[in-house]
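S.K.: Sequence and computational prediction follow.
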Amino acid sequence: MRLLLDTNALIWFVTDSPRMPNRFKDLLEADGTETFVSFVSPWEIAIKTRLGKLNLGRPLHPDIGRMVARNGFTMLPPDWEDIQTVADLPFHHRDPFDRMLVAQALRHRLTVLTPDAVWDRYGVSRLWT
């Protein structure tokens, strides 16, 4: 399975939050799961932390880097085709970070690990239930 973590799932995994169901933690650590973390997610965390919209009680960027390396996750940079895909997406919601993650999931045929059901409106393969 090829998974893309949305930003909330990334935060919950890195912080070992009870909001991340154990079955997904196990899936992320399982052999045969190829997990991607978009460069957009740490960027979103940095911006929302700086704006005071996200308070994790500690800087998360060192933990994300270690977690990505330790688990063999792949960092996924946005490219021009992702940007064009974002431009063509309908406005089911306006979160620019989520819109880029949707575009990357669609273009790279990734299943997104997110509890956010609005992603279903984009036709993204989503795993959470």
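M.R.: In hand now; what should we look at?

S.K.: From residue 57, how far off is residue 16?
M.R.: 13 Å (C-beta to C-beta, to the nearest Å). Just so you know, the C-beta spots here come from the backbone N, C-alpha and C atoms, and that holds for glycine as well.

S.K.: Report how many residues lie close to residue 30.
M.R.: 10 (other C-beta atoms under 10 Å).

S.K.: Start at 36, not 1
M.R.: Yes, from this point I'll number from 36; that puts the last item at residue 65.

S.K.: tell me the contacts of it?
M.R.: Contact criterion C-beta atoms under 8 Å, 6 or more residues apart in numbering gives no residues in contact with residue 65.

S.K.: Repeat that for residue 153.
M.R.: Contacts of residue 153 (C-beta under 8 Å, 6+ apart): 127, 128, 133.

S.K.: can I assume it sits in a helix?
M.R.: Yes. Secondary structure of residue 153 (DSSP: H, G, I helix; E, B strand; the rest coil): part of a helix.

S.K.: what's the least confident helix or strand in the protein, going by average pLDDT?
M.R.: Every helix and strand in the chain was compared by mean pLDDT, DSSP states H and E; the lowest is helix 96-106, with a mean of 78.

S.K.: Please compute how far that helix lies from its chain's middle.
M.R.: 14 Å (C-alpha atoms, centre = their mean, to the nearest Å).
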